[in-house]
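Undergrad: pasting a predicted model and its sequence here:
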Amino acid sequence: MTRYTAIGQQQTLGTRPVATRTTPGDIDQRIWQVIMMIPAGKVATYGDVAGQAGLPGGARRVGRSLSNLPRGTTLPWHRVINAQGRLSLPHGSAAYYAQRERLEAEGVVFQGNGGISMRRYRWCPGEASTR
């Protein structure tokens, strides 16, 4: 008998296909693994992370995953920004300044308009760092 997952994938355990489910925790793990790969001094958009995690169109899901991180996490969450090259946290908030300070400490330079040059700092998996 053939079984498929909720997203139409077949999984085989031994000689028989077994249905599996993707849980929110599994999705978070995929998102976090991608974020861990972003090198210091580079940034990725929420959409970039979603795409690399196999969640095309899942930028908001990445944001939700990051908003639920525990205090003191070692995940480099600060390297994820919006598609316009800006920080998504409320301007002037403690979290906004924490993210900006962490990026600046890694050598990321903010432009006069508060944005980041995506051409210079955007992470492209597979490319050698040009920093």
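TA: Received, thanks.
Undergrad: from now on I want contacts and neighbour counts done on CA atoms only, so please keep to that.
TA: OK.
Undergrad: how about the helices of this protein, start to end?
TA: 24-37, 46-52, 59-67, 94-105, 118-121 (DSSP state H).
Undergrad: of these, which approaches Pro76 most closely?
TA: Closest of those to Pro76 is helix 24-37, at 6.5 Å (criterion: CA to CA).
Undergrad: packing partners of the closest one?
TA: When contacts are defined as 3 or more CA pairs under 8 Å, 6 or more residues apart in numbering; DSSP states H and E, helix 24-37 sits against helix 46-52, helix 59-67.
Undergrad: residues making contact with that helix?
TA: With CA atoms under 8 Å, 6 or more residues apart in numbering as the test, helix 24-37 has contacts from 49-50, 52-53, 62, 65, 75-77, 79-80.
Undergrad: for stretch 105-124, same thing?
TA: 38-44, 84-87, 103-104.
Undergrad: between those, which is nearest Arg71?
TA: For the contacts of stretch 105-124, the nearest to Arg71 is Leu103 (18.2 Å; CA to CA).
Undergrad: count of residues packed around the closest one?
TA: Leu103: 21 surrounding residues under other CA atoms under 10 Å.
Undergrad: what residue is smack in the middle of this structure?
TA: Val49 (3.7 Å; CA atoms, centre = their mean).
Undergrad: what separates it from Asp28, distance-wise?
TA: The gap separating Val49 from Asp28 is 11 Å, by CA to CA, to the nearest Å.
Undergrad: first-to-last residue distance for stretch 49-60?
TA: 11 Å.
Undergrad: list the buried residues in that stretch.
TA: By neighbour count on 16 or more other CA atoms under 10 Å, the buried set for stretch 49-60 is 49-51, 53, 55, 58-59.
Undergrad: and stretch 34-42, by the same measure?
TA: 34-35, 38, 40-42.
Undergrad: redo those residues as TSV? Include distance to Ser93 and pLDDT.
TA: Formatted as TSV, those follow (distance: CA to CA, whole Å; pLDDT from 0 to 100):
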residue	distance to Ser93	pLDDT
Val34	26	97
Ile35	23	97
Ile38	24	97
Ala40	23	97
Gly41	22	98
Lys42	22	98
